[in-house]
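[1] Let me see the structure of the following:
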Amino acid sequence: MSTLDTIRHTIPAAARDRIYTYATAAVLMVAGLGYISQEEAALWVAVTGASIVLLFALLHSTSPWRTALYALLATLAPLALWYSIGTETGWTAVLTFAATIFGITRAAAKTPVVIDGQVEGVTDTEL
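    Predicted coordinates:
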């Protein structure tokens, strides 16, 4: 079993909703404790959600061109922000636009899962 298969087995596609919920709750808790403003919390929820969707799509993608696209989008925004290229609002808009145009959110929800060498839909597997 390859390293990627091990990661896929450890973090199944069906866990995306759970991780998204925990990440959103963590951001809201940080905002509730006063460490970030409500405006920043809204941006962090959007960026966190988009990043989780992109990373799960990247991890469970079976199409080489989609994998490349997901990898590019998942790394571009954080790196650009690190180097002060653009703003959180701008990159949130870019990620949301890309997710809509390329159908990433729908693709992430319907990403096939490889189980014992057989490709199955997410709805065909158990949690």
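
[2] ok, now how distant is Ala13 from Leu95?
    20 Å (CB to CB, to the nearest Å). C-beta: built from backbone N, CA, C; applies to glycine.

[3] Ala74 contacts Leu58, doesn't it?
    Yes: counting by CB atoms under 8 Å, Ala74 does reach Leu58; the two are 5.7 Å apart.

[4] Ala80: neighbour count?
    Counted with other CB atoms under 10 Å, the burial measure for Ala80 works out to 15 neighbours.

[5] Could I get the contacting residues of it?
    If a contact means CB atoms under 8 Å, 6 or more residues apart in numbering, then Ala80 has 86, 91 as its contacts.

[6] so how far is the strand or helix carrying it from its chain's centroid?
    With elements taken from DSSP states H and E, the one containing Ala80 is helix 64-82. Helix 64-82 has its C-alpha centroid displaced from the chain centroid by 11 Å (CA atoms, centre = their mean, to the nearest Å).

[7] can you give me phi and psi for Tyr35?
    Dihedral angles of Tyr35 (phi, psi; degrees, to the nearest 10) stand at phi -80, psi -30.

[8] Number the chain from 282, please
    Happy to do that; since the first residue is 282 now, the last one works out to Tyr316.

[9] what's the pLDDT at it?
    Reading off the confidence values, Tyr316 has pLDDT 93.

[10] measure it to Ala349 for me?
    Note on Tyr316: its distance to Ala349, by CB to CB, is 36 Å.

[11] And Ala374, by the same measure?
    22 Å.

[12] cool, and Gln319?
    Using CB to CB, one gets 36 Å for the distance from Gln319 to Ala349.

[13] swap in Tyr364?
    Using CB to CB, one gets 22 Å for the distance from Tyr364 to Ala349.

[14] which one of those two has more residues nearby?
    Neighbours were tallied for Tyr364 and for Ala349 using other CB under 10 Å; the higher tally belongs to Ala349 (12 against 8).

[15] biggest helix in this protein, by residue count?
    Ranked by residue count under DSSP state H, the longest helix found in the chain is helix 319-341.

[16] Ranking helices and strands of this structure by mean pLDDT, which lands last?
    Confidence across the helices and strands of the chain bottoms out at helix 385-390, with a mean of 57, counting by mean pLDDT, DSSP states H and E.
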